[in-house]
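1. mind folding the following:
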Amino acid sequence: MLKVKVNNKEVQVEEGLTVLQACEKAGAEIPRFCYHEKLSIAGNCRMCLVEIEKSRKPVASCAMPVSEGMNIKTNTELVEKARKGVMEFLLVNHPLDCPVCDQGGECDLQDQSMFYGIDKTRYKENKRYVPEKYMGPLIKTHMTRCIHCTRCIRFATEIAGVEELGAIGRGEDMQITTYLEKTMESELSANVIDLCPVGALTSKPYVFEARPWELKKTESVDVMDAVGSNIRIDTYGWEVKRVLPKINEDINEEWISDKTRYACDGLKNQRLDTPFFKKNGKFEKIEWKDALDILKKKIDVTSPNKIAGFTGDLTNMETSYSAKELFGKVFKSPHLESRTKNNFIDIEKRQNYIFNSKIKGIDKSDLIILIGTNPRYEATMLNARIRKTYKKNKSKIYSFNNLGDLTYPYEILNNSTSEIKKIFENNHKISKEIVNAKYPIIILGHEILNLQSAKFIFEGFQSFLKDNNKINENWNSLNILNLNASSVGSYDLQVLSNNNDTLHKLKSNFFDVIFLFGQDDLIFNKKNEFVIYIGSHGDRGAEIADLILPGAAFTEQDGHYTNLDGELQMAFKASYPPGKAKEDWQIINSISQIMSEKNLFDNKKDLINSMISYLNSNKKNSFSSLFKKEFVDEKISVYPIDYYYSNVIARSSKTMMECRNLRKRVNKTGTEG
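-> As a prediction, the model looks like this:
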């Protein structure tokens, strides 16, 4: 620890910190534009100038390492004059467009000019003009506002791993641009909007939509993948206007994916706002009472064993638990399932289906092995952590598939189960690397669990890692990368059927009545089944339904989600369901009321208490899987995820459609035209 003085206040700070960080630890606020704690130091803006004893001139605090005995002053006349001089230069060419600027009200330059700006200028020259740049359907540019802080360049290069942004020209002619004026090919590209301190880069879909002080801000959780990124949802009335990242160093740090940020316009398209009943092949609007009467008549003449239910990829845990209670207590049916494929799962222990090393644990990993997974598209924020670890630790990364550009280098291995078998038998070069690594991470993807060898691979890795002390109290190297926000929560609640019974019977058209609780990815040949869809969007599930009961999206109801780490998080209600739509648990409660003349839960609090009690009880119903521990020589594939169309909200989003079409054109022709 080093002892320094900041404004005559003695503080102790860690060695290696900058003067700026030392000042902040002492409670002194330092203005800055180019400095960002997650990015490399540039020292461009000079706004963070401070006075240091024995230094002849003010020092840029972001670029100066702290040393023993430093006497730092942050509030002297010299410092204030220097900062005012810097601000005057920054505003020389800055356009006077604050009233129409999208970043007005949350602009760093605007805030700092209140303290260090002046009300007149000494310069009479014409302001320079910089033409706007094309950066794709997500980012709108006003490059005349740019102050050359280079945050966006450093983010693209260091965090996103796409070296597509840079500076051309020098001095007054310097411009920030994509070199060939094309879209940034990164799923993290829009984070540059949050980083830009002056509004030179703004959100194209959000442009002129609202002012920040008009919006209601709600902290929530992302459901576009299983990572559970922490977000802030900004709403104007009923409508979700934008989604921004919320800092959580254990999960998403302060970044979010473009899909998380921009799929929100799908919340207002293709919405179900009233019950529908299919008559002669056409949907007709009906009232809730009529819909529930139709449902009751159908259930009354159906054997309990002929009723099945499937929960969806965005289903919150309250809905899954309510459905479980409905099927167990009211319908007396064992056929409730959260999966769409007969994939292997062992729910005897929680460590068998979560990401045991934790997302934050990736930071210290020295060896990463990807098996049947493409983390760039399946879990974008997790992939960003892997890149960060590679840059920091130079970790060795292997993949059993050629996954294309993951934004970091990796060695490709033969994608077969026989190659994995060699690892278990200690006959592979990776075997030794795993044993010698301090914190190895093995990531098993979704498609691995669908192989005939799934149980063999999972238990083989588990045994090998236990024998070599890579699974212990402090570290567990074996991880499952779930695809859906609802997966881990559904496994915790045991929303599964024994021996994959429900999925097998579905294929043979065994059921008479099928409930789809927000399930839009189930593939089966419908014959005479009566399908009841409870969900928010008119998507695939609603298309095959005979009765539609309009539910709420994740932003329109309080709900718990458990992320791939096994972390239970709350998504808070930011809006409310449109028209006659209801929250999912209320619909299930109404079904229980009409079928048994009794509510499952008195209120939402009662539901949550019951669910938490169930989770804490560690009750395990008898659950068995058809999978046998046998080796089959198979190829290992990767789940073919359609990144911008992966769920009902994304498929309803105009912005996601533009991104998808653009990527298709680039892949087909090599250009964006």
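
2. how much space between residue 542 and residue 548?
-> Taking C-beta to C-beta, to the nearest Å as the criterion, residue 542 is separated from residue 548 by 5 Å. Backbone N, C-alpha and C define where each C-beta goes, glycine included.

3. what's the overlap in contacts for these two?
-> 272, 276, 533, 535 (C-beta atoms under 8 Å, 6 or more residues apart in numbering).

4. using a markdown table, lay out the residues you listed together with distance to residue 266.
-> Below are the shared contacts of residue 542 and residue 548 laid out as a markdown table (distance: C-beta to C-beta, whole Å):
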| residue | distance to residue 266 |
| --- | --- |
| 272 | 13 |
| 276 | 20 |
| 533 | 18 |
| 535 | 13 |
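
5. returning to that earlier point: more neighbours, residue 542 and residue 548?
-> Set side by side, residue 542 and residue 548 show more neighbours around residue 548, with 26 against 22, by other C-beta atoms under 10 Å.

6. grab the nearest non-local neighbour of the more buried one.
-> residue 276 (4.1 Å; C-beta to C-beta, 6 or more residues apart in numbering).

7. swap in residue 62?
-> Using C-beta to C-beta, 6+ apart, the closest residue to residue 62 is residue 35 (3.9 Å).

8. assign that neighbour to helix, strand or coil.
-> coil (DSSP: H, G, I helix; E, B strand; the rest coil).

9. test my guess that it contacts residue 46.
-> No: judged on C-beta atoms under 8 Å, residue 35 makes no contact with residue 46 at a distance of 10.7 Å.

10. which of those two has more neighbours?
-> residue 35 (24 against 20).

11. which residues touch that one?
-> Applying C-beta under 8 Å, 6+ apart, the residues near residue 35 are 20, 41, 42, 45, 48, 62.

12. for residue 267, same thing?
-> Taking C-beta under 8 Å, 6+ apart, one finds 239, 240, 553, 555, 575, 649, 652 in contact with residue 267.

13. 7 Å instead?
-> 240, 553, 555, 649 (C-beta atoms under 7 Å, 6 or more residues apart in numbering).

14. quick check: the gap between it and residue 583.
-> 15 Å.

15. how about residue 236?
-> Taking C-beta to C-beta, one finds residue 236 at 21 Å from residue 583.

16. more neighbours: which of the two?
-> Using other C-beta under 10 Å as the criterion, residue 236 and residue 583 rank with residue 583 on top: 21 against 15.

17. ok, that one touching residue 557?
-> Yes: at 4.3 Å, residue 583 counts as touching residue 557 under the criterion of C-beta atoms under 7 Å.

18. count residues in the vicinity of residue 234, would you?
-> Residue 234 has 22 nearby residues by other C-beta under 10 Å.

19. residue 443 falls within a strand, correct?
-> Yes: counting by three-state DSSP, residue 443 is found in a strand.

20. what about the helices in the stretch 151-300 of the chain?
-> According to DSSP state H, counting those that start in this stretch, the stretch 151-300 of the chain carries its helices in the segments 151-154, 191-195, 258-262, 288-300.

21. out of the ones you listed, nearest to residue 311?
-> helix 288-300 (17.7 Å; C-beta to C-beta).

22. can you tell me the centre-most residue of this structure?
-> What sits nearest the mean C-alpha location of the chain, by C-alpha atoms, centre = their mean, is residue 229, with 4.3 Å.

23. any weak-confidence spans in the stretch 451-600 of the chain?
-> Within the stretch 451-600 of the chain, no stretch has pLDDT under 70.

24. that one: helices as residue ranges?
-> According to DSSP H, counting those that start in this stretch, the helices that the stretch 451-600 of the chain contains are 454-467, 487-492, 501-507, 540-543, 584-596.

25. quick one: closest of these to residue 16.
-> Set against residue 16 and scored by C-beta to C-beta, those come closest in helix 454-467, at 34.4 Å.

26. how far does that closest one sit from its chain's centre?
-> Mean C-alpha position of helix 454-467 versus that of the full chain (C-alpha atoms, centre = their mean, to the nearest Å) differs by 29 Å.

27. roughly how far apart are residue 64 and residue 353?
-> 49 Å.

28. higher neighbour count, those two?
-> Per other C-beta under 10 Å, whichever of residue 64 and residue 353 has more neighbours is residue 353, with 24 against 20.

29. wait, isn't that one in contact with residue 347?
-> Yes: Residue 353 is within contact range of residue 347, at 6.5 Å (criterion: C-beta under 7 Å).

30. tell me, how many residues neighbour residue 652?
-> Around residue 652 there are 23 residues (other C-beta under 10 Å).

31. same question, residue 504
-> 13.

32. nearest residue to it in space, ignoring adjacent ones along the chain?
-> Using C-beta to C-beta, 6+ apart, the closest residue to residue 504 is residue 342 (7.4 Å).

33. the one you found touches residue 500, doesn't it?
-> Yes: counting by C-beta under 7 Å, residue 500 is a contact partner of residue 342 at 4.5 Å.

34. more neighbours: the two, which one.
-> The residue with more neighbours, out of residue 342 and residue 500, is residue 500; 21 against 17, by other C-beta under 10 Å.
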